[in-house]
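1. mind folding the following:
(one chain, ligands or ions: 1)
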Amino acid sequence: MSEIVFLGTAGGRMVVTSQLRKSGGMWLELNGKRIVLDPGPGCLLRCVELGIDPAGIDCIVLSHKHIDHSNDVNIMIEAMSGGGFKPKGILIAPGDSLEGDDPVVLRYVRTYIKGNIKVLKESFRYSLGEVDIEAATKLEHSDVETYGLKFSFGGKTIGYIADTEYFDALPEAFKGCDYLIINMVRMTRVKMLQHLIPIDIINILKKARPGVAILNHFGMQVVKASPEAVAKKIEAESGVRTIAAGDGMRLDLGKVPERPKDMTLERFLG
Ligand SMILES: [Zn+2]
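-> Numbering: from 1, shown residues only. Alright, predicted model coming up:
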């Protein structure tokens with residue numbers, strides 16, 4: 001079975017630090033390969049809560065080094081490698097997560113996977129068994145190196161548009177995806193913050209035409225607006241089936257996904 005588990009759907013500083021929504025990134029099981037994508041704060045805890053064995057991970061991928069995407073990278077490497085006693089697994093991360101002034105992957109932890117680290121860059125491609133992992137495009141997000149990714153397996157493709165602002169080549173880079181996960185942190189544009197807002201996502205979907213779009217990584221503006229309500233509006237305007245991810249949501253990649261109930265709004269309204 002292949003599935004995506006949304007460990008947490010929080011994005012942006014206030015939703016993550018208040019845990020109004022859970023955080024921790026995504027767990028992908030694709031043709032038997034287990035991948036953790038953007039292990040933000042709580043990734044290990046959420047795996048355990050959801051009955052996922054972190055020792056079974058084959059690969060950890062960072063789209064970029066911001067703390068809401070990388071906070072648990074070190075402990076997840078430790079978990080993947082049996083506390084360092086059973087070295088295995090691979091880390092895929094941009095160069096500035098690993099080197100430079102402010103790397104986020106601890107050097108002693110790197111020895112747990114015997115330095116089995118692949119540096120994510122433009123035109124990156126790596127085959128993890130039957131799963132092809134590639135950098136779809138470099139993204140435009142703050143001053144950190146950030147990449148959009150594609151995971152292809154058994155004739156299906158999952159695209160992941162991590163944090164970025166809109167740019168003209170963005171939709172083209174994600175054409176032909178069966179599933180397209182898009183981080184939507186904000187409702188209104190602030191140039192400095194470089195995040196996608198709903199109108200950008202409508203533009204992307206009209207051109208990229210994925211089978212299903214899944215919105216994720218919600219900041220406070222989106223939580224207040226209700227991610228599910230925003231997803232319905234985006235679906236109506238783009239003509240592409242669009243759902244909002246929920247904390248702990250499991251997306252069976254063999255089925256057409258159901259629209260999840262809006263739990264966050266209820267929690268938010270008390
Ligand atoms: Zn970011």
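
2. where in the stretch 51-200 of the chain is pLDDT low?
-> The model of the stretch 51-200 of the chain has no residue with pLDDT under 70.

3. what about Asp163, how many residues close to it?
-> Residues within reach of Asp163, counting by other Cβ atoms under 10 Å, total 27. Just so you know, the C-beta spots here come from the backbone N, C-alpha and C atoms, and that holds for glycine as well.

4. chain neighbours aside, what residue packs nearest to it?
-> Excluding the flanking residues, the one nearest Asp163 by Cβ to Cβ, 6 or more residues apart in numbering is His141, at 4.6 Å.

5. the strands in this protein, which residues?
-> Remark: strands assigned in the chain by DSSP state E are 3-6, 26-30, 33-37, 59-61, 90-94, 117-120, 125-128, 131-138, 147-153, 156-161, 179-183, 212-216, 242-244, 250-252.

6. tabulate the ones you listed (a markdown table), appending distance to Leu106.
-> Shown next, in a markdown table, are those (distance: least, Cβ to Cβ, whole Å):
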| stretch | distance to Leu106 |
| --- | --- |
| strand 3-6 | 26 |
| strand 26-30 | 22 |
| strand 33-37 | 17 |
| strand 59-61 | 13 |
| strand 90-94 | 12 |
| strand 117-120 | 12 |
| strand 125-128 | 22 |
| strand 131-138 | 23 |
| strand 147-153 | 22 |
| strand 156-161 | 25 |
| strand 179-183 | 26 |
| strand 212-216 | 27 |
| strand 242-244 | 34 |
| strand 250-252 | 31 |
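
7. closest one to the ion among those strands?
-> Smallest distance to the ion across the strands of the chain (Cβ to the ion): 8.2 Å, for strand 179-183.

8. save the strands of the chain as JSON lines, and put in mean neighbour count and distance to Thr17 too.
-> JSON lines is the format used below for the strands of the chain (neighbours: other Cβ atoms under 10 Å; distance: least, Cβ to Cβ, whole Å):
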{"stretch": "strand 3-6", "mean neighbour count": "22", "distance to Thr17": "19"}
{"stretch": "strand 26-30", "mean neighbour count": "24", "distance to Thr17": "20"}
{"stretch": "strand 33-37", "mean neighbour count": "23", "distance to Thr17": "21"}
{"stretch": "strand 59-61", "mean neighbour count": "26", "distance to Thr17": "23"}
{"stretch": "strand 90-94", "mean neighbour count": "23", "distance to Thr17": "23"}
{"stretch": "strand 117-120", "mean neighbour count": "18", "distance to Thr17": "27"}
{"stretch": "strand 125-128", "mean neighbour count": "14", "distance to Thr17": "33"}
{"stretch": "strand 131-138", "mean neighbour count": "20", "distance to Thr17": "28"}
{"stretch": "strand 147-153", "mean neighbour count": "22", "distance to Thr17": "25"}
{"stretch": "strand 156-161", "mean neighbour count": "24", "distance to Thr17": "23"}
{"stretch": "strand 179-183", "mean neighbour count": "26", "distance to Thr17": "17"}
{"stretch": "strand 212-216", "mean neighbour count": "25", "distance to Thr17": "18"}
{"stretch": "strand 242-244", "mean neighbour count": "25", "distance to Thr17": "21"}
{"stretch": "strand 250-252", "mean neighbour count": "16", "distance to Thr17": "26"}
